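> here's my sequence, what's the structure:
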Amino acid sequence: MSLKILIADDEPNIRAGIAEYLRMEGYDTCLAADGNEAIAETDRGEVDLVITDLKMGKISGMDVLRHVVGHYPSLPVIILTGHGTVEDAVAAMRDGAYDFITKPVNLAHLALLAKRALDRRALAQRNQELLQEIETGKKTSSIIGRSAAIKSIFERIRKVAPTKAGVLITGESGVGKELVADALHNLSERADKPFIKVHCAALAESLLESELFGHEKGAFTGAANAKKGRFEMANGGTLFLDEIGEINQSVQVKILRVLQEHSFERVGGERTLETDVRVISATNRDLLAEIKKGSFREDLFYRLNVVNIDVPPLRERKDDIPILASAFLQEFAADNNKRIDGFDAKARTALYNYGWPGNIRELRNCMESAVVLTSGNIITLDDLPPALRGSEESGGIRLSLGIRLDAAERIIIGDTLAANEGNKSRTAEILGISRKTLYQKLRDYGLEADEE
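Numbers count the residues shown, from 1 in each chain. Predicted structure coming up:
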């Protein structure tokens, strides 16, 4: 799409001549006969550069400049001026104009100024994007992975985090649902406000209501003092309800009321308390199945599940195993004052082939155990738990029913390459393809980076 330049001048021949020249240079143009039209065009948000005459009746070029600087500071403005108003043009530059050019206009020079202004704006926008990417990376750095699934989750987090929408994070135990919740809060406008977490499955049913909503003094035996609940503590911030599928129906009703009315009463209290809380929840249960069984309220489900982020199990994103294992390895090596350089070929193959029923939590525990047990600088197969040692020799490849053909091919190639310790000639021979075809598929599937 071509960049669009607005030309504002009350002399029709001048603005038409400039527009024609800039169109020949490859730009789109739009015209304004006075300051009012120029301001209206900038407010449409489709302009990349403004070229405006300084003197234009009641609404001058200076008025246009002030409007642009005040509302669209990244939008460059070039001032056109007569010889008698050069001092005014210099003053305009002090007020934020990119540059000025005197009349009669040298069109080639104006086109050069326009290119420089647009290039500078593009550079500034790119720098801002890079800064945002760096900041986003810092706030999601606890989520480790490079698979397509994790990249999709990163993108979903970036889109939903700045909103007020409720998010339901689903996935098996140990996949990292809490890390997703952390990232959603850290990237939200509530990042500097409280982030309160409640593990619903860890609390007895009799205590959960008091924990969430608080209680008044004397509300029940042992309530010697009034206590704030988590909804009250999280006011203005985020409340993370982990394992939401474990709560009973009476508590479900009260949570639904908070989500609908933003108010609640403490246990044993009569005073209604207002709260502004964004609720993020997580579960390893199939809540739709729980709804059919009558153990989870459908209306609460749809309140919680405005946006769903499903975190796949580790066995379905094997690309992430090497980078996760290496990260945990270095973490525990530092904790134990050891220098460990990595894994030998058999250990790498075992890590890749294993099904990881406990997901990332199991992988993390495995790496801590390996660091503690190893006596060398390289993790070997003998340093890994017995369950993993068998996976090195299994020679099997796990594929889920319904998997896409290209995804299956990627797993087959990656597993075969790992089983042959990175030997491409042997891998190509086993797969019945040429080395050239194998190299092309490795590039297509991004497996060369994995091997490194």
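> use CA for all of it now, contacts and neighbours both
Will do.
> partners of the helix or strand harbouring Phe264, with directions?
Remark: Phe264 resides in strand 263-265, with elements defined by DSSP states H and E. In the sheet, strand 263-265 lines up against strand 272-274 (antiparallel) (DSSP bridges).
> where are the low-confidence patches of this protein?
The chain contains residues with pLDDT under 70 at 1, 83-86, 126-142, 390-402, 419, 421, 447-452.
> domain map for it?
Domain ranges of the chain: 4-127, 148-310, 315-392, 405-451, per automatic domain parsing.
> Serialize the ones you listed to JSON lines and add fields for mean neighbour count.
Shown next, in JSON lines, are these (neighbours: other C-alpha atoms under 10 Å):
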{"stretch": "domain 4-127", "mean neighbour count": "18"}
{"stretch": "domain 148-310", "mean neighbour count": "18"}
{"stretch": "domain 315-392", "mean neighbour count": "18"}
{"stretch": "domain 405-451", "mean neighbour count": "16"}
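> and the residue positioned nearest the centre of the chain, what are its phi and psi?
Centre of the chain computed as the mean C-alpha position; nearest residue by C-alpha atoms, centre = their mean is Arg158, 3.1 Å away. Per-residue torsions, Arg158: phi -60, psi -40 (degrees, to the nearest 10).
> same deal with Tyr352?
phi -70, psi -40.
> check contacts around it.
Counting by C-alpha atoms under 8 Å, 6 or more residues apart in numbering, Tyr352 touches 318, 321-322, 415, 418.
> among those, which are in helices?
In this view, these that belong to helices under DSSP state H are 321-322, 415, 418.
> want to throw these into TSV with distance to Glu25?
Converted to TSV, the ones in helices among the contacts of Tyr352 look like this (distance: C-alpha to C-alpha, whole Å):
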residue	distance to Glu25
Ile321	51
Pro322	51
Asp415	53
Ala418	54
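> which of those sits closest to Phe213?
Within the ones in helices among the contacts of Tyr352, the smallest distance to Phe213 is 40.3 Å, found for Ile321 (C-alpha to C-alpha).
> and the closest one, what does it touch?
Applying C-alpha under 8 Å, 6+ apart to Ile321 gives the contacts 314, 351-352.
> what's the closest of the residues you listed to Ile51?
The nearest member of the contacts of Ile321 to Ile51, counting by C-alpha to C-alpha, is Leu314 at 55.4 Å.
> mind listing what the nearest residue to that closest one once chain neighbours are set aside touches?
Of all residues not flanking Leu314 in the chain, Asn359 sits nearest, at 5.3 Å (C-alpha to C-alpha, 6 or more residues apart in numbering). Asn359 sits next to 172-175, 313-315 when contact means C-alpha under 8 Å, 6+ apart.
> let's see it at 7 Å
Residues in contact with Asn359 (C-alpha atoms under 7 Å, 6 or more residues apart in numbering) are 174-175, 313-314.
> and it, how far from Gly174?
Going from Asn359 to Gly174 by C-alpha to C-alpha, to the nearest Å gives 5 Å.
> can you pull out the helices in the stretch 1-150 of the chain?
Taking DSSP state H, counting those that start in this stretch as the test, the helices found in the stretch 1-150 of the chain are 12-24, 35-43, 61-71, 86-94, 107-139, 148-160.
> quick one: Tyr98 and Leu75 touch, right?
No: assessed by C-alpha atoms under 7 Å, Tyr98 is found out of contact with Leu75, at 9.3 Å.
> ok, back up a step: same list (the contacts of Ile321) but as a markdown table, adding distance to Gly269.
As requested, the contacts of Ile321 are exported to a markdown table (distance: C-alpha to C-alpha, whole Å):
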| residue | distance to Gly269 |
| --- | --- |
| Leu314 | 46 |
| Leu351 | 54 |
| Tyr352 | 55 |
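> quick check, nearest of those to Glu189?
Of all the contacts of Ile321, Glu189 sits closest to Leu314, with 30.7 Å by C-alpha to C-alpha.
> what's the closest one sitting at in phi/psi?
Note on Leu314: backbone dihedrals following degrees, to the nearest 10 are phi -60, psi -30.
> how many other residues sit next to it?
Leu314 has 22 neighbouring residues, counting by other C-alpha atoms under 10 Å.
> check contacts around the nearest residue to Lys151 once chain neighbours are set aside.
With sequence-adjacent residues excluded and distances taken as C-alpha to C-alpha, 6+ apart, Lys151 is closest to Gly145, at 7.8 Å. Gly145 makes contact with 320, 323-324 under the criterion C-alpha under 7 Å, 6+ apart.
> any idea how far Gly145 lies from Gln330?
16 Å.
> for Met233, same thing?
Distance, Met233 to Gln330, using C-alpha to C-alpha: 36 Å.
> repeat for Asp43
Separation of Asp43 from Gln330 (C-alpha to C-alpha): 52 Å.
> same deal with Thr52?
Taking C-alpha to C-alpha as the measure, Thr52 falls 59 Å from Gln330.
> now Arg348
Arg348 is 15 Å from Gln330, where distance means C-alpha to C-alpha.
> run through the strands of the stretch 351-452 of the chain in chain order.
378-379 (DSSP state E, counting those that start in this stretch).
> for the closest residue in space to Ala234 that isn't next to it in sequence, phi and psi?
Spatial nearest neighbour of Ala234, chain neighbours left out: Pro194 (5.3 Å); criterion: C-alpha to C-alpha, 6+ apart. Per-residue torsions, Pro194: phi -60, psi 140 (degrees, to the nearest 10).
> quick one: contacts for Pro194?
Pro194 neighbours (C-alpha under 7 Å, 6+ apart): 234, 237-238.
> in helices only, show me these.
Judged by DSSP H, helices contain none of the contacts of Pro194.
> show me those that map onto strands.
Using DSSP state E, the subset of those located in strands is Thr238.
> out of the contacts of Pro194, flag the one nearest to Ala114.
Proximity of these to Ala114 (C-alpha to C-alpha) peaks at Gly237, which lies at 45.4 Å.
> separation between the closest one and Thr349?
Distance from Gly237 to Thr349, by C-alpha to C-alpha: 44 Å.
> ditto for Arg66
As for Arg66, its distance to Thr349 is 64 Å (criterion: C-alpha to C-alpha).
> ditto for Leu113
Leu113 is 59 Å from Thr349, by C-alpha to C-alpha.
> can you pull the contacts of Thr427?
Contacts for Thr427 (C-alpha under 7 Å, 6+ apart) come out as 416-417, 420.
> if we can go back for a sec, reformat the helices of the stretch 1-150 of the chain as JSON lines; add distance to Gly214.
Below are the helices of the stretch 1-150 of the chain laid out as JSON lines (distance: least, C-alpha to C-alpha, whole Å):
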{"stretch": "helix 12-24", "distance to Gly214": "67"}
{"stretch": "helix 35-43", "distance to Gly214": "49"}
{"stretch": "helix 61-71", "distance to Gly214": "46"}
{"stretch": "helix 86-94", "distance to Gly214": "58"}
{"stretch": "helix 107-139", "distance to Gly214": "31"}
{"stretch": "helix 148-160", "distance to Gly214": "29"}
